[in-house]
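> Fold the stuff below for me.
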Amino acid sequence: MQRAISIVAIAAVAFFVIRLNRKLKQKVKERTKSLEESNEKLVKSNELLGAQDSMQREFINIAAHELRTPIVPILGFSEVLYSKLKERRQKEHREEVLGQLQEQEEMLEIILRNADRLHQLTEDILDVTRIESQTLKLRKERFNVHDLIVDAVEDSRKRIANGNVKVVYELANSTTIVEADRRRLRQVISNLLDNAIKFTKEGTITVITTMRRKDTESNNGKGEEEGGGASAEEVVIAVKDTGSGIDPELMPRLFTKFATKSYRGTGLGLYISKSIIEAHSGRMWAQNNDNNNNNNNEFGFDVNSQLRGATFYFTLPVVSKTTTELRIEEKEEAKVINDQRQL
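Numbers count the residues shown, from 1 in each chain. As a prediction, the model looks like this:
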């Protein structure tokens, strides 16, 4: 009797377990189907978003190209007219005519300034589309980056209307050879200088360079002792200003698209600049001068904690000099020393 009861109990439990298992399987099947349907909807939504994003980028790219087409002749002919007006004003002596010519010059200056802004905007938009589509091409060549910095500083001085601001440079040495796209690198330096000029009412904007050793590891993770690592030199370029500094709220997204709190500019310049430097195997970052705990940062730049403003940094790999280049450099230095002695 007791045995029969045990068999019945076991049978009842087994029946309950089988029934519960069937229900669970049904639930799992229903949830699996629901998840598959949700995943299918997500895939379709992602495909739709991707298609819309692609269409948007294509439209922006076409629009920027179409905008650039009429801007170029507007700028070109305006510059020609401006140049001719200046020549005519220099030759003219009648005060009445001189007043008219000056007024026309001022109007042309407004046209040129705004056409140039529109041209820069279209170029920035095109650069962003190239970066996002990974079609930004670099035309690399070997050159002395210090020559580029000097030229960029000289040009920036012409754009300063405020006499209370001066732009200077402090270069580590006379020659630092990099392999880079000269035009793109000039674009980066000019952009950083323009930003510094925009936010500096008085004081000094300084472009500083320093050299440092950069340890790089190979893919196999071995150290230098095993022949897997190499040590290379890089140049660190800093643009330091005494302006208003970077808004702490803006700092985390400083190098993202449209990151700006200024009514002037689109906030694309720093995003483009950082992308260009990273395409050269370098890096870019920034900090407020008053956020430093000591007077010298990790690269030896003097960024006094009592100074206002901000400092933007970027790095570039330096090309090792060949024996021929070293000999030429030695001869040039010897010539400079000899010339100084003769003086």
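
> contacting residues around residue 57?
Neighbour list for residue 57: 129, 132-133 [criterion: C-beta atoms under 8 Å, 6 or more residues apart in numbering]. Yep, even glycine has a C-beta here, placed from its N, CA and C like the rest.

> and it, what pLDDT?
pLDDT, residue 57: 71.

> what's the following helix or strand after the strand or helix carrying it?
Secondary structure from DSSP states H and E places residue 57 in helix 2-91. Following helix 2-91 in sequence order, the next helix or strand is helix 95-132 (DSSP H and E).

> pLDDT averaged over that next one - what is it?
Average pLDDT, helix 95-132: 86.

> just checking, what packs against the helix or strand just after it?
Remark: after helix 95-132, the chain's next helix or strand is strand 140-144, criterion DSSP H and E. When contacts are defined as 3 or more C-beta pairs under 8 Å, 6 or more residues apart in numbering; DSSP states H and E, strand 140-144 packs onto strand 177-181.

> measure residue 72 to residue 123 for me?
11 Å (C-beta to C-beta, to the nearest Å).

> In terms of packing, which of these two has more residues around it?
residue 123 (16 against 12; other C-beta atoms under 10 Å).

> wouldn't the more buried one be in contact with residue 65 here?
No. Assessed by C-beta atoms under 8 Å, residue 123 is found out of contact with residue 65, at 10.8 Å.

> what residue ranges in this protein score low on pLDDT?
Scanning the chain for pLDDT under 70 picks out 1-5, 8, 215-231, 262-265, 291-307, 321-343.

> Which element, helix or strand, includes the residue nearest to the spatial centre of the chain?
Geometric centre of the chain, nearest residue: residue 273, 1.9 Å, by C-alpha atoms, centre = their mean. Residue 273 is located in helix 269-279, with elements delineated by DSSP H and E.

> so where do the helices sit in the stretch 151-300 of the chain?
182-199, 269-279 (DSSP state H, counting those that start in this stretch).

> now those in a markdown table, with distance to residue 116?
Formatted as a markdown table, those follow (distance: least, C-beta to C-beta, whole Å):
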| stretch | distance to residue 116 |
| --- | --- |
| helix 182-199 | 12 |
| helix 269-279 | 15 |
